[in-house]
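Enquirer: Okay, here's the prediction I keep looking at, along with the sequence it came from:
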Amino acid sequence: MLDFFVIALKHCLELHNIMLMLLGVWGGVVIGALPGLTATMGIALLVPFTFVMPPEKGLILLGGLYAGAIYGGSIAAILINTPGTPSAIATTFDGHPMALKGEAEEALTASITGSFIGGIGGNIFLLSLSPLLAMISLKFGPPEMFWVAMLGLTIIATFATESLLKGFIGGLIGLVLATVGISPIAGESRFTFGNPNLAGGIELICALIGFFCIPQVIKMVESPEKAEMIKYKRKKGILFRLILRILSMPGLLIRSIVIGTFIGVVPGAGGNIAALVSYNEAMRWSKNPEKFGKGCIEGVVAPETANNAEVSGSLIPLLTLGIPGAPPAAVLLGALLIQGIRPGPELYTVHGEITYTFIISLFFSNFFMFLSAVFGARLFAKVMLVPRHLLAPVIVVLSVIGSYAIRNNMMDVAIMLGCGFAGYVGGKLGFHPAPIVLGLILGKIAEIGLVEAMTIGAAKGGWFVYFITRPLSAVLIVLVVFSAAWPIIRSRKKKATGRSGS
Amino acid sequence: MSISSLQKEGEIMKKSLFALFLTVALALFLGTAQSMAKDFPSKPITYIIPFNPGGQSDVTAQVQKADLKKLLGVPVIITYKPGAGGAVAWSQLARSIKPDGYTICGNNIPHIILQPLLRKDAGYKTEDLVPIVMFETTPIGLAVLKDKPWKTLKDFIESAKANPGKITVGGCGKYTGHHITFLMLQKLAGIKLTYVSFTGAAPSVANFLGGHVDALLGNSNDLLAHKDKIRILAIGTEERAPWYKEVPTFIEQGINMTAGIDRGVCAPPGIPPDRLAVLEKAFLKLSKSESYRNKMFEMGFIPRALGSKEFAAYIQKQKQILTNLLKEMGILK
């Protein structure tokens, strides 16, 4: 392994490869920042160009792009309240309020610092603990996936601080939207109204753009003078102060890295869930949870650290087992196969030079991403100064292109616009888009897990017994109960401390 | 950036938008003019993959792309139109895509047979899609983890007979190639198993390796990737598969069936015969080339080369077999 390590390091220091890393990272940041263009699509677009390269060079480029795109998603989340990729949903919660307070550059710097630390942390896991984590990932069968989804749904209770009822209604709407289309297990049509274009269901990206982006644009048009109130002034010396402040929260950083890597390892759960769970935990363990949602820096660092740790996490089952942990990793698998490399144990022996070069290159790519984005933050933050009447049409055009491009289907544009108007009206009534989107993401995972587990359970003598007798499943059930009861525990604790204080 | 420079940029953008408009209009005009000319193809060909990027259809198309460019003389653009197991792309191909030969689409057997048979709203009929060339088959095999007691298909069947419905078998989706293989195995062996439908090859393999299902009906390339952890009991080819000569076929073990997913390309209904012929020739030449065949073998596929007419006849034959099977099972009336 040490031999490979040295060779890999040498490869990574070649000028040509460094240029590929920069190219990948920059391209990734742009793709990630544009709503509708995702890491998956960016990698798919680039894969054909990598065939003419030696495998390690192709992987260096694609790896840089993957990391860059996941960070890039936060730029749109912070500046225009629209997640550039699904991984950046949680970043909108505090990132955009920060920008509205005139702290766009701080938010962007916090995001890149978190992304960098997450990327490096996740990569250390990838380098050192891959075989073990891959084994753990296999322990997640259908019942475990169902409970993971349930655990995710309990997050709604944390988010919906203003109205628990509205949060739950939003989550239910999301769960219903998740059932549109051909059902994932039985293959029956649901809510398609005979339209074959609806058979593919509601694409997450389109719902994201619709629910987040369109209401934002309508608000800009509605009250341009109010929207233009946002001020952005560059402050000096914030960079180092900010980085020091972020480094002074090691607990949050380590927790976010572990959450991100672990969720990345579990096939079927991606960066969006990693970031949401990380945000939720940051809020749960914070001394001042009431600050969350109003523009606090922890609310940006936690999800961004987790979603970049997830990048390396999703590569763990891919490289050790050939099972991609997330959609972008699935495209990477295709790229490997075409290069004649079959993931598995051989990757670390026969193809060791390529594999270790790839892993080491991710450290470098993260570093270059950090350098570029720290200085880029000043530039990106200026988007806040663009007059809203210019920004709004640009966002609409990008939204339409983005939702079409994801599946090359006009129906998706219609769905996006429909979600947009629903999101706008819902917003007026006090509904936040996050629970709806969360329901949409988790509804599919929960349904698949539940139906599969019940099928297996029935064959093994009773699905109920099957659900509760598996050790990992039991642990998850306890976590779900704890997490669901948390708001009650929290309010009790508050009352108790309030009483003792008075 | 000041407001005035932004306004200036706005001006520039207006101009460039106008230029873009002109370009598009001109391109459309030229496009029509060219499509009237005899020399086909004269502009890039769009190759639709009805699934997500990274899957087997995508991987094959990516390998074909460079050679197709050489054979056709124009670039080939791969686009993805995933949804409903491919049905979204196929229904659009049947209804709304212009049959000028510039758009082709991957097609999979048995998907394009089973979807219209079993779903009223599939949005297309099997016969709507004009077959161009069938170029590969992915055989399906039955595998178990090495720590399971079953050494042969016979062991497995006997165990299933003793414990009806207790053995779980994973596969991709319901009414798919994997599910049909499962139904045929049950019928021909006279056993009852439990089918667990997963949402794709990756989750089914993960659940199988994790021991959450007892056996897997898996694609040859996935089985190949995990050969050191698993025991393949039978493979769905006519003769023993080239990658694992030691694994007997279903037929050898008295289960008279083959199992696999066939892939090719198809065109929208109404494509002019001369253009179909050009595409057929290019794909056939590619499918017969030595380097391409070797690459397919290496990746775990069996290269095939069926022309348009043969492909159509093959689809009809498969449709007959599947219709009969589904009627016997009482799934289809």
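Expert: Arrived safely.
Enquirer: switch to C-alpha atoms for all contacts and neighbour counts from now on
Expert: Will do.
Enquirer: So what touches stretch A:205-219?
Expert: If you take Cα atoms under 8 Å, 6 or more residues apart in numbering or on different chains as the criterion, stretch A:205-219 is touched by A:35-36, A:80-83, A:85-86, A:227, A:392, A:395-396, A:399, A:402-403, A:406, A:412-413, A:415-424, A:427, A:433, A:437.
Enquirer: Show the buried residues in the residues you listed.
Expert: A:35-36, A:80-83, A:85-86, A:227, A:392, A:395-396, A:399, A:402-403, A:406, A:412-413, A:415-424, A:433, A:437 (16 or more other Cα atoms under 10 Å in any protein chain shown).
Enquirer: now, which of these lie within helices?
Expert: A:80, A:227, A:392, A:395-396, A:399, A:402-403, A:412-413, A:415-424, A:433, A:437 (DSSP state H).
Enquirer: Could you pull up the contacting residues of residue B:45?
Expert: By Cα under 8 Å, 6+ apart, residue B:45 lies in contact with B:74-77, B:101-104.
Enquirer: what's the spacing between the longest strand anywhere in chain B and its chain's center?
Expert: What stands out as the longest strand in chain B, according to DSSP state E, is strand B:130-145. Chain-centre distance of strand B:130-145: 8 Å, with Cα atoms, centre = their mean, to the nearest Å.
Enquirer: ok, now stretch B:186-201?
Expert: Relative to where its chain is centred, stretch B:186-201 has its mean C-alpha point 20 Å off (Cα atoms, centre = their mean).
Enquirer: try stretch B:179-187
Expert: On the basis of Cα atoms, centre = their mean, stretch B:179-187 sits 19 Å off its chain's mean C-alpha point.
Enquirer: repeat for stretch B:87-106
Expert: Counting by Cα atoms, centre = their mean, stretch B:87-106 comes out at 15 Å from the chain centroid.
Enquirer: Stretch A:190-206 too?
Expert: Relative to the centre of its chain, stretch A:190-206 is centred 23 Å away, using Cα atoms, centre = their mean.
Enquirer: Return the set of buried residues in that stretch.
Expert: Buried residues in stretch A:190-206, counted by 16+ other Cα under 10 Å: A:192, A:196-206.
Enquirer: need the residues of the stretch 201-333 of chain B near chain A, please.
Expert: Contact residues (Cα under 8 Å from any Cα of the partner chain) of the stretch 201-333 of chain B with chain A: B:202-203, B:205-207, B:209-210, B:212-213, B:225-226, B:298-299.
Enquirer: Mind doing that once more with 10 Å?
Expert: Within reach of chain A by Cα under 10 Å from any Cα of the partner chain, the stretch 201-333 of chain B has these residues: B:201-214, B:221-222, B:224-226, B:228, B:295-296, B:298-300.
Enquirer: ok, back up a step: buried residues, the longest strand of chain B. List them.
Expert: Across strand B:130-145, burial judged by 16+ other Cα under 10 Å covers B:130-145.
Enquirer: closest to chain A among those residues?
Expert: residue B:145 (13.4 Å; Cα to the nearest Cα).
Enquirer: Quick check, pLDDT for the closest residue to that closest one other than its chain neighbours.
Expert: In space, and not counting its chain neighbours, residue B:145 is closest to residue B:230: 4.4 Å by Cα to Cα, 6 or more residues apart in numbering or on different chains. We have a pLDDT of 94 for residue B:230.
Enquirer: Distance of residue B:230 relative to residue B:295?
Expert: 24 Å (Cα to Cα, to the nearest Å).
Enquirer: pLDDT weak spots in the stretch 401-502 of chain A?
Expert: Along the stretch 401-502 of chain A, segments meeting pLDDT under 70 span A:497-502.
Enquirer: Try it again at 80.
Expert: Within the stretch 401-502 of chain A, the stretches with pLDDT under 80 are A:487-502.
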